[in-house]
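Novice: The amino acid sequence is not available; the structure is as follows:
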């Protein structure tokens, strides 16, 4: 579910925190992906096809744009999420929710496929969103790609939605620092706001809409103070409300060791063996996509080399034309790049 109506609230009250970009804007970036969100997208979009096929196509799209994906898998969910998982299981027609954290057969298939595609995977100790956010905060990756907004209260500085490379489709990027600035709250207050809006880890106060919730947090700063100042008849506070537990989950995500991130070339023959001979995907389809992948990646790289060469030539001509006569009176402010990351190899 993520955070109820958080995206709507940001669009209305902090539109400057949202930017629309092309997938090419993320060339050279390391992007963490919540794998369960990606797989659920494919299940919803193509219920008659294996989501493994969608994962295969989507990952190649990232790689041919020189985007370095890191797939993060869910671990054991917190007990606070049990009620939400039970509702989801019932809606999907399952007998019981998956709460053990053990890998399903489909998860094992995903891991095998991603290994053959040459991209790194990480197992989260709990929900993947928390670890994705931590990877951004520690500058191990540049951004999180997810359709769920709860990576923001977990602390991800940059959240990317709609990173699917569909034709004429904008990628939507959310900046957490700008959200906090425009809403005039800090990160801890954002977490309390998200709990009031509705999250996966506890109930919400019935009848409390997003605009009212934001106004209350801006004025009173904490849920404890909000509860003291609202009309309990109009906004009945849930009995045994576990908002403190939810707050702790967002602010104190479990730590885990992060392996060295290494990318390698996709193994086409092994992919054909796995997808076609074991999972019964048509070999012609896999071979055709791999050929397109190689051609497109080569074309993109050649175009980039031409652009870099032209830019270098342009800078040289400008330097030759102008003569430096004096230094600037004021230093030029340089915006630091977000790509100064660690633990990466290619």
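Specialist: It's in. This structure is a prediction, so every number in the text was calculated from the model and none was measured. Numbers count the residues shown, from 1 in each chain.
Novice: Give me the number of neighbouring residues for residue 146.
Specialist: 27 (other Cβ atoms under 10 Å). Placement of C-beta: from N, CA and C, glycine included.
Novice: Work out the gap between the longest helix out of those in the chain and the centre of the chain.
Specialist: As assigned by DSSP state H, the longest helix anywhere in the chain is helix 283-321. Centre-to-centre, helix 283-321 and its host chain are 27 Å apart (Cα atoms, centre = their mean, to the nearest Å).
Novice: same deal with stretch 70-82?
Specialist: 14 Å.
Novice: still on that earlier bit, show me what the longest helix of the chain is packed against.
Specialist: For helix 283-321, the elements it packs on are helix 51-64, helix 268-272, judged by 3 or more Cβ pairs under 8 Å, 6 or more residues apart in numbering; DSSP states H and E.
Novice: what's the angle from that helix to helix 51-64?
Specialist: Computed by axes from the mean of the first three to the mean of the last three Cα atoms, to 10 degrees, the angle separating helix 283-321 from helix 51-64 equals 20 degrees.
Novice: Could you export the helices and strands packed on helix 283-321 as TSV, including mean pLDDT, distance to residue 293 and mean neighbour count?
Specialist: Listed next are these as TSV, based on pLDDT from 0 to 100; distance: least, Cβ to Cβ, whole Å; neighbours: other Cβ atoms under 10 Å:
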stretch	mean pLDDT	distance to residue 293	mean neighbour count
helix 51-64	94	5	20
helix 268-272	97	9	15
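Novice: quick one: which of these is nearest residue 253?
Specialist: Minimum separation from residue 253 across the helices and strands packed on helix 283-321 (Cβ to Cβ) falls at helix 51-64, 24.9 Å.
Novice: What are the contacting residues of the closest one?
Specialist: 23, 31, 38-39, 41-43, 45-46, 68-69, 106, 109-110, 113-114, 117-119, 163-165, 266, 271, 275, 279, 281, 286, 289-290, 293, 296-297, 300 (Cβ atoms under 8 Å, 6 or more residues apart in numbering).
Novice: now with 7 Å?
Specialist: 38-39, 42-43, 46, 69, 109-110, 113, 117, 119, 165, 275, 279, 281, 289, 293, 296-297, 300 (Cβ atoms under 7 Å, 6 or more residues apart in numbering).
Novice: So which residues of the chain form helices?
Specialist: Assigned by DSSP H, the helices in the chain fall at 6-13, 35-45, 51-64, 82-92, 105-117, 128-137, 176-183, 187-197, 210-220, 223-229, 243-251, 268-272, 283-321.
Novice: In the chain, where is pLDDT below threshold?
Specialist: 1, 88-102, 165-168, 254, 313-346 (pLDDT under 70).
Novice: Can you spell out the domain ranges of it, please?
Specialist: Annotated domains of the chain cover 6-183, 187-251 [automatic domain parsing].
Novice: Residue 258: which of these is closest?
Specialist: Proximity to residue 258 (Cβ to Cβ) singles out domain 6-183 among the domains of the chain, at 6.1 Å.
Novice: who wins for proximity to residue 248 among the helices and strands packed on helix 283-321?
Specialist: Among the helices and strands packed on helix 283-321, helix 51-64 sits nearest to residue 248 (Cβ to Cβ), with 32.6 Å.
Novice: just how off-centre is that closest one within its chain?
Specialist: Distance, stretch centre to chain centre, for helix 51-64: 16 Å (Cα atoms, centre = their mean).
Novice: got a list of what the residue nearest to residue 112 when sequence neighbours are not counted touches?
Specialist: Sequence neighbours aside, residue 274 is the residue nearest to residue 112 in space, at 6.3 Å (criterion: Cβ to Cβ, 6 or more residues apart in numbering). Residue 274 makes contacts with 112, 113, 116, as judged by Cβ under 7 Å, 6+ apart.
Novice: do that again at 10 Å, thanks
Specialist: Residues counted as contacts of residue 274 (Cβ atoms under 10 Å, 6 or more residues apart in numbering) are 52, 56, 109, 112, 113, 115, 116, 267, 281, 286.
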